[in-house]
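**Q** Got a predicted model here, sequence first, then my questions.
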Amino acid sequence: MSSLFAAASADVPFPILSALVVTPFLGAMLMLVLPNDRPEYFKQVAFLVSGAVAGMTAWVMVEFDKHTADEFQFVDSAEWIAGLGISWTLGLDGISLWLVVLTAALFPLAILAIEAEHTPKAYYAWLLVLEAGVMGVFLALDLFAFFVFFEIVLVPMYFLIGQWGHGARAYAATKFFVYTMFGSAFMLVGILATAFLTAAETGNAVSFDLVYLAEEQALATTTARWIFLSFAVAFAVKVPLFPVHTWLPDAHVEAPTAGSVILAGVLLKMGGYGFLRFSIPMFPLASADFAPLVFALSVVAIIYTSLVALAQADMKKLIAYSSVAHMGFVTIGAFTMTEQGVQGSIFQMLSHGVVSGALFLCVGVVYDRIHSREIADYGGLVHRMPRYALFFMLFMLASVGLPGTSGFVGEFLVLMAAF
């Protein structure tokens, strides 16, 4: 995790990373002032805003120095709440780069592919707020700013599930919100404890800067273990790790198609990213102490949820339970704390983001036509939609990890590192 100990700011004409966060938020504000009698504008504006974010991300990807991927680049820092040591600090390295690219790519596709069933203005506005929050999570280098973005993400996803979902959408939205807020409460305590206890041990001013806290390693062993657990609860819920995974199938099944795509493609990655970016670098000894527990829970998640997936008759539930199993490989790879394992973990997150997002889009295409998610009702699609069936099969094979597909690469690297 050497990326935490150096920062190299690229020469950019403006704060590009701040623009990635602020642009979708401004787009959401613009959405609110558009005239209600022109509903066709809402989707167009949302797509243009998310497309602009994707364009800026493409520029960042091209300009990113691959030779110094272990250093933070395009760093944008300014004081936020100076008296408490809180700053607006954003940075990008090899761990976060591709997650930002994945986010920028999935949102325009989700907006373009799926129509809002009702009240499109609010629907697209919430999607843009969600994109702003996710970008902030993957770019923030200040623990307090990270927590703010981590919580911002909850609000739009809650309303997307609760207002535009299906069936028991209110139950699913509330369960998602309660589970994640429960974990976040522990993380907030951990963030405050880390900053203030580090200040007390070093005699320096209070700081929430990730690089500074990771370099100092000022906490006693027992203290570090307790604080590690406080972070781990929040990230385990988000991954989700067994046994705090039960919110995911309900959220996936009841969410609108765009919500399912973003939830599986991006939001689940926040937990794995949190372990890689915060937990392991700030508490390396505690991470090593708890690695056997994480391995055990991950293996249970992989085997148990795979067996549950086999029993599903609902296509969305099948993909949701398989997502829990795939994310189990992410946590195993991260906690091997080896180069091969971390690379496999990141690759698995990217692969799962693309493949699961594509599978939920495929299900959404059929659901919009026959209003059923039952696998038994999907028979004969190859005769009516042959090209669709070809792509669906390709993504399904990638999901099961067929050699030659992206799903194989990440899992293979993780298993090799674990062995």
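**A** Nice, thanks for sending it over.
**Q** Residue 367: which element?
**A** With elements taken from DSSP states H and E, the one containing residue 367 is helix 339-370.
**Q** Can you name every helix or strand that that helix contacts?
**A** Counting contacts by 3 or more Cβ pairs under 8 Å, 6 or more residues apart in numbering; DSSP states H and E, helix 339-370 packs against helix 94-113, helix 257-262, helix 269-274, helix 315-336, helix 386-399, helix 406-418. All C-beta spots, glycine's among them, are computed from the backbone N, C-alpha and C.
**Q** Single out the most deeply packed of these.
**A** helix 257-262 (a mean of 28; mean count of other Cβ atoms under 10 Å).
**Q** In terms of secondary structure, what does that helix contact?
**A** Judged by 3+ Cβ pairs under 8 Å, 6+ apart, helix 257-262 is in contact with helix 94-113, helix 120-139, helix 154-164, helix 339-370.
**Q** Now do the first one, average pLDDT.
**A** In this case it means helix 94-113. What helix 94-113 shows for mean pLDDT is 90.
**Q** Quick check: phi and psi on residue 90?
**A** Dihedral pair for residue 90: phi -120, psi 140, per degrees, to the nearest 10.
**Q** what do you get for the one 3 residues further on?
**A** Note on residue 93: its backbone torsions stand at phi -140, psi -170 [degrees, to the nearest 10].
**Q** can you pull the contacts of it?
**A** If you count contacts by Cβ atoms under 8 Å, 6 or more residues apart in numbering, residue 93 has them with 3, 69, 70, 71, 72, 73.
**Q** May I ask which of the residues you listed has the most neighbours?
**A** Per-residue neighbour counts (other Cβ atoms under 10 Å) across the contacts of residue 93 peak at residue 72, which has 25 neighbours.
**Q** ok, and the closest non-adjacent residue to it?
**A** Take residue 72 and drop its neighbours on the chain: the residue closest to it by Cβ to Cβ, 6 or more residues apart in numbering is residue 91, 3.5 Å away.
**Q** relative orientation of the helix or strand where that neighbour lies and helix 120-139 in degrees?
**A** Assessed by DSSP H and E, residue 91 sits inside strand 86-92. With axes from the mean of the first three to the mean of the last three Cα atoms, to 10 degrees applied, the angle from strand 86-92 to helix 120-139 works out at 80 degrees.
**Q** and residue 46, how far is that from residue 319?
**A** Separation of residue 46 from residue 319 (Cβ to Cβ, to the nearest Å) stands at 25 Å.
**Q** for residue 143, that is, sorry about that
**A** Per Cβ to Cβ, residue 143 is found 33 Å from residue 319.
**Q** Next: residue 184.
**A** Distance from residue 184 to residue 319, by Cβ to Cβ: 26 Å.
**Q** mind showing which ranges of the protein have poor pLDDT?
**A** Within the chain, the stretches with pLDDT under 70 are 1-13.
**Q** Packing partners of the longest helix seen in it?
**A** Using DSSP state H, we find that the single longest helix of the chain is helix 169-202. On a contact count with 3+ Cβ pairs under 8 Å, 6+ apart, helix 169-202 meets helix 143-152, helix 154-164, helix 210-216, helix 221-238, helix 247-254.
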